[in-house]
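In: coords please:
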Amino acid sequence: MDYSTLVRVIEHDAALRRRQSLQPVGGKGDKIFPPTYPGEGRNAQPRHVFERRRVAGNEVWCVLVDSVQSQANRLEECLLAAARQGLIDLPYVTVDFKNSNLAGLTEITSLDAPHRVYDAILRDSLLDGQPFMKSPLGLRLAAAKPGNATALLESSPSALLFGAWHSTGEGGGFGAKFPRCLVSEIVAIDAPVDEIIDSRTGAIDPRTSGRRTGSRIDPLGVLRRVEVFKGPDGWDTDKKRAGNGAKSARPSEINHGNIAPSVQALGVTCDHVEHVAVISFAGLRRLSYGEASRDRAGRALLAAIGLVALAEQDARGYALRSRCDLVCDGRAPLELVHADGSIDTLDVAHAGALELFAEARRVAVASGFELRTVPTRLIPQEKLVEIVRRSQTLALEGEGGEAEDAP
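Out: Just a heads-up that it's a prediction; the model follows:
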């Protein structure tokens with residue numbers, strides 16, 4: 001597909017989509033471990049997300065492997081890596097923490113901040129000595145709307161592709177809001193499930209037929225009946241040395257001793273894993289930039305960015321999490337979805353996606369868009385640095401308090 005074809009299909013057709021079949025790196029039928037979520041009720045075990053889907057005329061149990069939100073983050077990571085490697089010249093905003101002396105933190109960009117260009121990390125930083133959202137660029141971003149999206153296209157176009165919302169903007173959360181134009185999700189198809197029937201309601205509670213075992217043998221041989229104490233001065237076998245208010249604890253609570261063997265309903269096998277990605281042309285057409293030629297150029301640039309993101313993810317691999325490493329099962333073509341629902345197939349390889357982006361960027365610049373060749377660099381405000389520094393200090397002292405509350 002060349003650039004002129006891309007412009008034409010965006011104007012007249014419905015979407016580009018791809019249904020890519022994936023398999024575990026260990027081979028078909030190998031167990032994978034999708035993300036877990038808190039179970040219902042007190043002390044409930046973690047669980048995967050199951051749902052019944054209609055596949056090839058049959059209802060089958062499916063498992064969420066990577067959500068739409070998670071996929072957006074991964075695709076943005078791919079774009080950021082490609083930009084840093086010089087494969088694409090992509091505008092984005094970055095907060096430079098290099099001189100802040102914060103452990104392990106050098107920069108946060110609009111490609112990895114949770115709320116993209118409208119994130120609080122950027123908002124609480126400075127551009128040319130001004131608070132970011134009060135700077136000329138920030139004011140343009142705050143005023144941006146789908147009918148006038150130039151500010152985002154020029155400074156952080158990925159926010160238009162994956163969606164953004166200036167939730168702290170004007171009107172108490174009625175600020176700039178841009179629905180995502182690229183939706184991507186990974187689902188395991190036809191997974192064996194134990195259908196547990198609730199005796200009170202009769203509702204089906206699906207649980208994986210897979211099992212995960214766990215145990216640990218302490219090489220020091222510390223026994224459970226050894227009494228230790230936890231207090232403000234750490235742990236000790238002597239209650240006084242542990243500090244005022246020290247309480248009795250088991251060795252396992254201080255990460256010593258054996259962990260008894262356990263079995264949990266976690267991990268799945270499946271017929272195959274499917275990655276479905278859709279670039280909505282209707283969504284792109286909702287975005288305008290002032291005149292028809294700029295509209296065509298801006299929309300084509302966003303579509304090209306989406307194609308690069310998908311191609312980069314294929315090239316870099318699907319190492320989603322521990323024991324959830326996937327690989328493409330062949331190479332699925334792109335499908336051009338026409339307005340009447342009919343489809344044609346298109347072939348856009350990795351190199352072709354990069355070439356499309358380069359041409360789309362060239363045309364966008366020629367159409368009057370001011371696309372930066374280097375990131376827009378912000379400096380964190382001291383209060384932002386201080387809140388991170390205090391959090392790191394508390395975490396090192398074991399007093400952060402968040403881990404116990406986290407799901």
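In: C-alpha only now, for contacts and for neighbours.
Out: Noted.
In: Would you check that my belief about D190 contacting N58 is correct?
Out: No: if you go by C-alpha atoms under 8 Å, D190 and N58 don't touch, sitting 9.9 Å apart.
In: Neighbour count: these two, which is higher?
Out: For D190 versus N58, neighbours defined as other C-alpha atoms under 10 Å are more numerous around D190 (21 against 10).
In: Show me the shaky parts of the stretch 301-407 of the chain.
Out: The stretch 301-407 of the chain contains residues with pLDDT under 70 at 398-407.
In: Show me where it has its helices.
Out: Here the stretch 301-407 of the chain has its helices, by DSSP state H, counting those that start in this stretch, at 350-366, 382-396.
In: from those, which stretch is densest packed?
Out: Across the helices of the stretch 301-407 of the chain, the average number of neighbours (mean count of other C-alpha atoms under 10 Å) peaks for helix 350-366, which reaches a mean of 20.
In: Using PDB, list the CA coordinates for that one.
Out: Extracted in PDB, the C-alpha atoms of helix 350-366 (Å, rounded to 0.1, in the frame of the first residue of the first chain):
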ATOM      1  CA  HIS A 350       7.600  -3.800   8.600                       C
ATOM      2  CA  ALA A 351       9.700  -1.900   6.100                       C
ATOM      3  CA  GLY A 352       6.600  -0.700   4.200                       C
ATOM      4  CA  ALA A 353       5.100   0.700   7.400                       C
ATOM      5  CA  LEU A 354       8.200   2.700   8.100                       C
ATOM      6  CA  GLU A 355       8.200   4.000   4.500                       C
ATOM      7  CA  LEU A 356       4.500   5.000   4.800                       C
ATOM      8  CA  PHE A 357       5.300   6.900   8.000                       C
ATOM      9  CA  ALA A 358       8.200   8.800   6.400                       C
ATOM     10  CA  GLU A 359       6.000   9.800   3.500                       C
ATOM     11  CA  ALA A 360       3.100  10.800   5.700                       C
ATOM     12  CA  ARG A 361       5.400  12.900   7.800                       C
ATOM     13  CA  ARG A 362       6.800  14.600   4.800                       C
ATOM     14  CA  VAL A 363       3.400  15.500   3.400                       C
ATOM     15  CA  ALA A 364       2.200  16.700   6.900                       C
ATOM     16  CA  VAL A 365       5.100  19.100   7.100                       C
ATOM     17  CA  ALA A 366       4.400  20.300   3.600                       C
END
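In: Counting by contacts, list what it packs against.
Out: If you count contacts as 3 or more C-alpha pairs under 8 Å, 6 or more residues apart in numbering; DSSP states H and E, helix 350-366 packs onto helix 3-12, helix 292-316.
In: got the ones you listed as CSV, with mean neighbour count columns?
Out: Below are these laid out as CSV (neighbours: other C-alpha atoms under 10 Å):
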stretch, mean neighbour count
helix 3-12, 16
helix 292-316, 22
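In: Which among these is found nearest to P251?
Out: Ranking the helices and strands packed on helix 350-366 by proximity to P251 (C-alpha to C-alpha) places helix 292-316 first, at 42.4 Å.
In: now for that closest one, which elements pack on it?
Out: Using 3+ C-alpha pairs under 8 Å, 6+ apart, helix 292-316 sits against helix 3-12, helix 68-84, helix 158-162, helix 281-285, helix 350-366.
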